[in-house]
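In: one predicted model, sequence on top.
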Amino acid sequence: SSGRRKTIRRERREAQAQVEILSLTGSQITEDHWDAFFAFYMDTGSRKWGRPYLNRLFFSLLGERMADRVLLVMARRDGRWIAGALNLIGDDCLYGRNWGCVEEVPFLHFELCYYQAIDFAISRGLARVEAGAQGEHKIARGYLPSAVYSTHFIADPRLRAPVEDFLQREREAVEGEMEWLADEYSPFRQGD
């Protein structure tokens, strides 16, 4: 709706007015950027229910071995890096992976993780942006739910059947909820 578009434009202006935003790829990304991003990553891990599983060396190696497949969107205020979003560039898709900040700025998460990613994907001719799992707030920003798949090994054979049973029931419930969310909240026009 036009009201939602106005809201998004206002949110973007507000976030951009408070910080300097840089979208970095390839050789533009330095060890200083990785140092800052690692601090964001660790801060997010310590504040959320998750546990950071990547170490600092991982980010250096990512920059060294896959620099042209990395988009690092960074925000700074008063010369200090305060937030960043890590994306991986696929052949036809941009994959949002990690976000973190050491200073809260209204709407900055949406700007770095979603809007800058969309802008980058459009400029590169990428067909889609996969923003990652979780977050119903993504629907209002143009991201519809999509199924993701994972593989797990259940070491105790006695647990395999109960876990499989639960996952089958959960899969059906999730598919139904995804369908309902797309029907009810899609930001895109539906054809008749």
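Out: Everything's here; your move.
In: the lowest-mean-pLDDT helix or strand in the chain: how far from the chain's middle?
Out: Across the helices and strands of the chain, the lowest-confidence element by mean pLDDT, DSSP states H and E is helix 157-185, at a mean of 84. Here the centre of mass of C-alpha atoms in helix 157-185, compared against the chain's by C-alpha atoms, centre = their mean, to the nearest Å, lies 23 Å away.
In: stretch 38-57 too?
Out: Distance of stretch 38-57 from the chain centroid (C-alpha atoms, centre = their mean) equals 15 Å.
In: contacts for it, please.
Out: When contacts are defined by C-beta atoms under 8 Å, 6 or more residues apart in numbering, stretch 38-57 is touched by residues 34-35, 59, 81, 83-84, 86, 98-102. All C-beta spots, glycine's among them, are computed from the backbone N, C-alpha and C.
In: in a markdown table: those residues, plus pLDDT.
Out: What follows is the contacts of stretch 38-57, written out as a markdown table (pLDDT from 0 to 100):
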| residue | pLDDT |
| --- | --- |
| 34 | 98 |
| 35 | 98 |
| 59 | 97 |
| 81 | 98 |
| 83 | 97 |
| 84 | 97 |
| 86 | 97 |
| 98 | 90 |
| 99 | 91 |
| 100 | 92 |
| 101 | 94 |
| 102 | 93 |
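In: out of the residues you listed, which end up buried?
Out: Under a neighbour-count criterion of 16 or more other C-beta atoms under 10 Å, the subset of those counted as buried comprises 34, 59, 81, 83-84, 86, 98-101.
In: tell me the spacing between residue 161 and residue 154.
Out: Between residue 161 and residue 154 the computed distance is 9 Å (C-beta to C-beta, to the nearest Å).
In: before we move on, what about residue 58?
Out: 27 Å.
In: try residue 172
Out: Relative to residue 154, residue 172 is positioned 20 Å away (C-beta to C-beta).
In: since that was my last question, I'll sign off now.
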